[in-house]
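Peer 1: Got a predicted structure plus its sequence, pasted below:
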Amino acid sequence: MKAITVETKRGARVRVLEGGEGQPLVFLHGAGGLFAENPFLDRLAKHYRVYAPELPGYGESTGEDHLREMLDFALHGWDVVEKLGLDRPYLMGHSMGGMIAAEMACVAANDLAKLILVDAAGLWLPEHPIPDLFALLPFEFAKLLFHDQAVGAAMLTGGLDFSDVNAVAEFYIGNAKNMGVAGKILFPIPNRGLSRRLYRLKAETAIFWGASDKLTTPEYARAWKALLPHARLVTFEAAGHMLPYEKPEEFCQAVHEFLG
Amino acid sequence: MKFTWFNLMPWPYLREDFREKHRSVWVDIPNTLYDPRKGHFLYHEYMDQLEFAESVGFDGIGVNEHHQNGYGLMPSPNIIAAGLARRTSHAAICVIGNSIALYNPPIRVAEEFAMLDVISGGRLVAGFPVGTPMDTNFCYGQIPALTRDKYREAHELIMRAWSEDEPFAFDGAYNQLRYVNCWPKPVQKPHPPIYIPGGGSIETWDFCLDYDYNYSYLSFTGYVRGKQLMDGYWDRVAKRNKDESPYRGAFAQIVCVGEDDKEAEELYAEHVKYFFNRCLHVYPGFADPPGYRTIKTLKAGVASQLTEGAMNRFPTLTWKELVDERFVIAGGPESVRQQMEEMIKGLHVGHIFCLFHNGDMPDAKVRHSTRLFAEKVMPKLRNMWPDWADDGRWWPKPMEDRLHPEEAPGKDRVWTNRAKAERTVAHNGDGRAAAGHAEHRHGPREEVR
């Protein structure tokens, strides 16, 4: 995958990882952003032309001041698709990216080929409150996000040494920048009324879920399925919220089966 | 120098094992720990202390806003201030302040502050904090990255509501109001003095200087640590070519006065330790939600460097450490005077918010400490800034003919001349008319006992 930068009509400068050949597939990352290594994207690039834009405020992308509320995020997504010159791409969103992808699919129901929601945010079940991401301490992330905490911790920090004060400060500032943007649609409750708009969704949809997701627990997969009765629900054993990172092989296999 | 007697109003019944049993004194502290029947006595005890502070000569009495907080029992400081406005008549009433980003619409703050200013006869100091993350984000659900923007808009709306004489439409990003028309308006013109409490955000300094507001640094870590931050503020004042009046700055400090150093320790140590060891037990996850501080401020590292090290020590600080490292100013009157002087000069501030009530301190000790300070310390610190003696820009200018309602209970007061005064006012067609004013001055003073 190589990185390019595009500027949307609204003036956001967006870094996009792109690579591979085939039908266009746009991947929207979660609140943590893309990692340094994203093996599932490399795998998908064997079958599709993959685009993974970074939201403004994440990595080198700028223009987060344009994003204030949910509609801004959805329209920004379409602005990027337009700038990339894509026609009816597959849309796939993970966690917060799933929330944005679903919103995009409601706003412009005819403009995508298929939709994949991966451990998606955007719903709220009062009887299953989602842990407060914004009040977590850095060392608490791994146990919520991964089935295998130890592997997850290394992945999250890129092998960061937590005894190195400067490295921690840098990690902290990076996280504050990302999550600050995410907070606009996830804080204090990650629900911006999407369920009231899902009736508009037309695209064939798959719901992928890690069976041991401790952030958006499998009850949320069932809630999505109840709202989208025609969607295909696929659950992955021994995978947490970070399913694409934890089980890249099985995940990509399932994507391939659904998209063809 | 101006001295304001400040009460945070802590809950004094947290048990010794509070830290072990609960993760935070703030946000998710179990509300079963609160007992409203005890609360009844406590509010009155605390308000009595504020009134007592006026009677011994403090310039101001101060309250602030916290939510879901075991050391701050004033979700609405305006309610306390309203009570004080009726039972005092000299001291400035410093509400430091209302977190204006929390109110929908914030015109509510313009109205309530105007009410307080009118009831108190122009004695209000109006504080506009951005608000702590605990209060603003976690208790009141504001989005961290938008809090500052919402704050700026709320500020604009309130100041326009106070200053404009005609109803106007306000089309904001967070507030849309077709008819903004503040009724009542404040007594003080163009508005009460504005104080901006801050904890070290660079943007806040510039905001204060843009509008010539007072910058108040409210910390519990004492003036030695506070110096680094206040120096940053004064550097900014100089860079912006503003005069360096010490009244541009205020600082909050815990103060404990005994007859001598030994008595101070005997009387106050356990209560100050209660405050640091139990009251300041805040879950770190609530301290800094992503987006609350700007990246610029995070990179400058001002706030974190200053406070994090100190905060980690709160649970175990001993009296000796608290005093030697100047978390608190404590001792006999002369020792306290010396430390106060060092603080005032070192920080270059004209306003001190003095915290005499700490943790679970009983009333008698609070008054003892307060009285010693008022009688033996405060008089010697009055003339710290002779070059700025006439600088009243950051202090209220009350009505000279205001009422003194505390001098007689309301049930005994008879408003003999009110009807006449109202007729005069109506006749002039103007509430500010001189004739009406004069009638009013004498009316309420003729009391029947």
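Peer 2: Perfect, I can see it now. Numbering: from 1, shown residues only, chains lettered A, B, ... in the order given.
Peer 1: B:E164: how many residues sit nearby?
Peer 2: 13 (other Cβ atoms under 10 Å in any protein chain shown). From N, CA and C alone the C-beta is placed, and that goes for glycine too.
Peer 1: ditto for B:S24
Peer 2: Number of residues near B:S24 (other Cβ under 10 Å) recorded here: 21.
Peer 1: Which residue is the nearest non-sequential neighbour of A:Y172?
Peer 2: Take A:Y172 and drop its neighbours on the chain: the residue closest to it by Cβ to Cβ, 6 or more residues apart in numbering or on different chains is A:P138, 7.1 Å away.
Peer 1: what does A:E64 give?
Peer 2: In this structure, A:E64 finds its nearest non-sequential neighbour in A:G57, 3.5 Å apart by Cβ to Cβ, 6+ apart.
Peer 1: circling back to that earlier point, which residues sit in contact with the residue nearest to A:Y172?
Peer 2: By Cβ atoms under 8 Å, 6 or more residues apart in numbering or on different chains, A:P138 lies in contact with A:F162, A:V168, A:F171, A:Y172, A:N175.
Peer 1: same deal with A:Y220?
Peer 2: Contacts of A:Y220 by Cβ under 8 Å, 6+ apart are A:D119, A:A120, A:L123, A:L125, A:H128, A:I130, A:W209, A:D213.
Peer 1: quick check, it in a strand?
Peer 2: No. Going by DSSP: H, G, I helix; E, B strand; the rest coil, the assignment for A:Y220 is helix, not a strand.
Peer 1: Mind pulling up the pLDDT for it?
Peer 2: Note on A:Y220: pLDDT of 98.
Peer 1: again with the one 10 residues further on
Peer 2: Confidence per residue is given as pLDDT, and for A:H230 that number is 96.
Peer 1: same check, this time on the one 5 residues further on
Peer 2: On the pLDDT scale, A:T235 is placed at 98.
Peer 1: Likewise for A:P126?
Peer 2: For A:P126, the predicted pLDDT is 97.
Peer 1: ditto for the one 4 residues further on
Peer 2: What the model reports for A:I130 is a pLDDT of 98.
Peer 1: Name the SS class of the residue nearest to A:E64, please.
Peer 2: Under three-state DSSP, the three-state class of A:G57 is coil.
Peer 1: Can you name the residues that contact it?
Peer 2: With Cβ under 8 Å, 6+ apart, A:G57 has these contacts: A:E64, A:L67, A:K177, A:N178, A:G180, A:V181.
Peer 1: Chain B: which of those is nearest?
Peer 2: Using Cβ to the nearest Cβ, A:G180 is the member of the contacts of A:G57 that lies nearest chain B, at 2.8 Å.
Peer 1: which residues does the closest one contact?
Peer 2: Each residue near A:G180 by Cβ under 8 Å, 6+ apart is listed here: A:G57, A:E64, B:P144, B:A145, B:P290, B:G291, B:Y292.
Peer 1: same thing but at 10 Å, please
Peer 2: Taking Cβ atoms under 10 Å, 6 or more residues apart in numbering or on different chains, we find A:G180 in contact with A:57, A:64, A:134, A:187, B:143-146, B:289-295, B:298.
Peer 1: same thing with B:G346?
Peer 2: By Cβ under 10 Å, 6+ apart, the residues touching B:G346 are B:Y223, B:V224, B:G226, B:K227, B:M230, B:D231, B:F251.
Peer 1: of these, buried ones?
Peer 2: B:Y223, B:G226, B:K227, B:M230, B:F251 (16 or more other Cβ atoms under 10 Å in any protein chain shown).
Peer 1: The residues you listed in strands, which ones?
Peer 2: Judged by DSSP state E, those include B:F251 as members of strands.
Peer 1: before we move on, the earlier item: which pLDDT value belongs to the residue nearest to A:Y172?
Peer 2: 78.
Peer 1: Widest-spaced pair of the buried ones among the contacts of B:G346?
Peer 2: Greatest spatial distance among the buried ones among the contacts of B:G346 (Cβ to Cβ): B:K227 and B:F251, at 9.7 Å.
Peer 1: Report the contact partners of residue 67.
Peer 2: As the question left the chain open, I've gone with chain A. Each residue near A:L67 by Cβ under 10 Å, 6+ apart is listed here: A:R10, A:A12, A:L55, A:P56, A:G57, A:F73, A:L75, A:H76, A:V181, A:K184, A:I185, B:A145.
Peer 1: not what I meant, chain B
Peer 2: B:26-27, B:74-76, B:99, B:102, B:131-132, B:134-136, B:138-140.
Peer 1: Name the member of the contacts of A:Y220 that has the highest neighbour count.
Peer 2: When neighbours are taken as other Cβ under 10 Å, the top entry among the contacts of A:Y220 is A:D119 (30 neighbours).
Peer 1: these two touch, right, it and A:L243?
Peer 2: Yes. Using Cβ atoms under 10 Å, A:D119 is in contact with A:L243, at 5.7 Å.
Peer 1: Tell me, how many residues neighbour B:I79?
Peer 2: Using other Cβ under 10 Å, B:I79 has 12 other residues around it.
Peer 1: A strand includes it, no?
Peer 2: No. Assigned with three-state DSSP, B:I79 falls outside any strand and is helix.
Peer 1: Check what pLDDT it gets.
Peer 2: The model's pLDDT for B:I79 equals 98.
Peer 1: In strands, which of the contacts of A:Y220 fall?
Peer 2: In this view, those that belong to strands under DSSP E are A:W209.
Peer 1: which residues sit in contact with B:I329?
Peer 2: B:222-223, B:253-257, B:264, B:323, B:335-340, B:342-343, B:352, B:354-355, B:373, B:377.
Peer 1: Check the residues you listed one by one and keep those near chain A.
Peer 2: Of the residues in those, proximity to chain A by Cβ under 10 Å from any Cβ of the partner chain holds for none.
Peer 1: Are any of the residues you listed buried, and if so which?
Peer 2: B:222-223, B:253-257, B:264, B:323, B:335-337, B:339-340, B:343, B:352, B:354-355, B:373, B:377.
Peer 1: sorry, back to before: can I get the buried ones among the contacts of B:G346 in TSV with distance to A:K2?
Peer 2: Putting these into TSV (distance: Cβ to Cβ, whole Å) gives the following:
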residue	distance to A:K2
B:Y223	55
B:G226	51
B:K227	51
B:M230	50
B:F251	54
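Peer 1: Out of the buried ones among the contacts of B:G346, flag the one nearest to B:A238.
Peer 2: Nearest member of these to B:A238, counting by Cβ to Cβ, is B:M230, at 12.7 Å.
Peer 1: Around chain B, which positions in chain A sit nearby?
Peer 2: Counting by Cβ under 10 Å from any Cβ, the positions of chain A adjacent to chain B are A:31, A:57, A:64-65, A:67-69, A:132-138, A:140, A:169-170, A:172-189.
Peer 1: let's go with 7 Å and repeat that
Peer 2: A:68, A:134-137, A:173, A:175-177, A:179-181, A:183-184, A:187-188 (Cβ under 7 Å from any Cβ of the partner chain).
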